[in-house]
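> Sequence below, structure please.
(one chain, ligands or ions: 1)
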Amino acid sequence: MAAGARKRPGYTRRERIRRADAVRAWVAENGLVCPGWQRDPHPAGDLTADHIVPPGAGGSEAGELRVLCRSCNSARGASMADRRVPGLEIVLVAGPACAGKNTYVRQHADPEDLVLDLDALNEAMNLAGPRVHIPAHLPFVCEARDAVLERLLLGGHQVRRCWVISTAPERARREHYRRRYGARVVVLWWPEETCLLRAMRERPPEWQQYVRQWFDRYEPDPKDTVLRNWQAAREEPAR
Ligand SMILES: [Zn+2]
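Residues are numbered from 1 along each chain as shown. Model (predicted):
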């Protein structure tokens, strides 16, 4: 990876070189200084170049670049206003295990929607079997999911909607989806006892612990749409 270039899916080698050149030119002229994003210029050894107008927001792939340090660049990314892809909807479906998140998405998603389900991704990435989580794999499974989301932000695709299925009990976690991806957040909520009963009946034993952990960690947020005791429509019984 060329110095200063930010490696991301979807970037060609030529684009990475172009970015590295932009950083080099900036450093030759200004030294190891970040011009700052909503803060004063400051010394920085981790400069990176990114589109001023991202392709997903109407800019060209070969468009002008801006040099910032990594921290300023992600602050800029988090502000989202200049990164949101017009017409793309991202929905985070959160809630405890056994609350019917999967069923909810099945009932609301179109076949051409992307669906990022941590359980399904996990199952695709090892041979441990359905619903068996290997802790050492989890960071990789999460990175695979996040890589898709980051790619969606870059634009230049036909995807109009992406569903993310994640327990996300922490308020900050759900807020991250709102801020970075402009996501709408739906929380499916059932009483803990109901989720525990379902876990006992339908899942490996460790899932009861997942249910308890979710309720221990859950932080409500008025910005979420909370659906209490959501049930699948009759014609398609809950799976
Ligand atoms: Zn900076």
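> in this protein, which spans are strands?
33-34, 42-43, 47-51, 65-69, 89-94, 114-117, 161-165, 184-189, 225-228 (DSSP state E).
> got JSON lines for these, with mean neighbour count too?
Every residue, glycine included, has its C-beta placed from N, CA and C. As requested, the strands of the chain are exported to JSON lines (neighbours: other Cβ atoms under 10 Å):
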{"stretch": "strand 33-34", "mean neighbour count": "20"}
{"stretch": "strand 42-43", "mean neighbour count": "10"}
{"stretch": "strand 47-51", "mean neighbour count": "22"}
{"stretch": "strand 65-69", "mean neighbour count": "21"}
{"stretch": "strand 89-94", "mean neighbour count": "23"}
{"stretch": "strand 114-117", "mean neighbour count": "18"}
{"stretch": "strand 161-165", "mean neighbour count": "21"}
{"stretch": "strand 184-189", "mean neighbour count": "21"}
{"stretch": "strand 225-228", "mean neighbour count": "13"}
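> show me the contacts for S71.
A44, D46 (Cβ atoms under 8 Å, 6 or more residues apart in numbering).
> Need the per-residue pLDDT for it.
S71 carries a pLDDT value of 91.
> Can you lay out the strands of the chain as a markdown table showing distance to the ion?
Converted to a markdown table, the strands of the chain look like this (distance: least, Cβ to the ion, whole Å):
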| stretch | distance to the ion |
| --- | --- |
| strand 33-34 | 3 |
| strand 42-43 | 6 |
| strand 47-51 | 8 |
| strand 65-69 | 3 |
| strand 89-94 | 27 |
| strand 114-117 | 30 |
| strand 161-165 | 29 |
| strand 184-189 | 29 |
| strand 225-228 | 35 |
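> Now render those as JSON lines, adding distance to R76.
Output for these, formatted as JSON lines (distance: least, Cβ to Cβ, whole Å):
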{"stretch": "strand 33-34", "distance to R76": "11"}
{"stretch": "strand 42-43", "distance to R76": "15"}
{"stretch": "strand 47-51", "distance to R76": "8"}
{"stretch": "strand 65-69", "distance to R76": "6"}
{"stretch": "strand 89-94", "distance to R76": "19"}
{"stretch": "strand 114-117", "distance to R76": "24"}
{"stretch": "strand 161-165", "distance to R76": "22"}
{"stretch": "strand 184-189", "distance to R76": "23"}
{"stretch": "strand 225-228", "distance to R76": "28"}
